[in-house]
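K.L.:
Test case, fold it:
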Amino acid sequence: QPKRKTAFGSVGRRIPYRILHVINQDGESLGHMHRAEALKLMDQHGLKLVLLRENVEPPVYRLMTGQQIHEEQLKLAEKKKASPKPGMYIKELSFSSAIAKNDLETKTKQIAQWIEKKHHVKVTIRQAK
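P.N.:
Take a look at the predicted model:
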């Protein structure tokens, strides 16, 4: 079976670092501790260690319940859904409300072409003076 990539870094017992900065489930810092101490604390409270930041020294881990992990994964999914996809373009077009008929027809043709190409189109109409 191929390994499934989780939304977080390592969750659970496989921790490649010896010294960790640990945060408890309430968000309070417990300071730096050895991996064995963190695992013992995890077992005592029935929680899981989740990697938050790997690029700092020492890496930051947080003790979380299964429910907290699930909520964080849902938040990440929402953020990912809200961000535009790499191949998606947003075309923006703005014109005055006093636009000539011919210019308006030209711009509507352009908008129709963009929509056919699956681009997102944003139209702004400014009020004429």
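
K.L.:
Let me see the ranges of the helices in the protein.
P.N.:
Along the chain, counting by DSSP state H, helices occupy 35-45, 66-82, 101-116.

K.L.:
Comparing those helices by mean pLDDT, which bottoms out?
P.N.:
Least confidently modelled of those is helix 66-82, at a mean of 82 by mean pLDDT.

K.L.:
returning to that earlier point: could the helices of the chain go into a markdown table alongside mean neighbour count and distance to L52?
P.N.:
Glycine gets a C-beta too; all of them are placed from N, C-alpha and C. Shown next, in a markdown table, are the helices of the chain (neighbours: other CB atoms under 10 Å; distance: least, CB to CB, whole Å):
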| stretch | mean neighbour count | distance to L52 |
| --- | --- | --- |
| helix 35-45 | 14 | 13 |
| helix 66-82 | 11 | 10 |
| helix 101-116 | 12 | 41 |
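
K.L.:
Now distance to P58 too, for those helices, in a markdown table please.
P.N.:
Shown next, in a markdown table, are the helices of the chain (distance: least, CB to CB, whole Å):
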| stretch | distance to P58 |
| --- | --- |
| helix 35-45 | 10 |
| helix 66-82 | 21 |
| helix 101-116 | 50 |
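
K.L.:
Tell me how this structure divides into domains.
P.N.:
With domains defined by the TED database, the chain comprises 19-82, 90-126.

K.L.:
who's R62 bridged to?
P.N.:
Note on R62: beta-bridge partners by DSSP bridges are I23, V50.

K.L.:
I'd guessed it sits against D26; true?
P.N.:
No. Between R62 and D26 there is no contact under CB atoms under 8 Å: 10.1 Å.

K.L.:
So if I had to pick from the two, which one is more boxed in?
P.N.:
A count of neighbours by other CB atoms under 10 Å puts R62 above the other of R62 and D26, at 23 against 6.

K.L.:
how about the more buried one, what does it touch?
P.N.:
With contacts defined as CB atoms under 8 Å, 6 or more residues apart in numbering, R62 is in contact with 22-25, 49-50, 52.

K.L.:
Can you tell me how far it is from L47?
P.N.:
Look at R62 and L47: by CB to CB, to the nearest Å, they are 9 Å apart.
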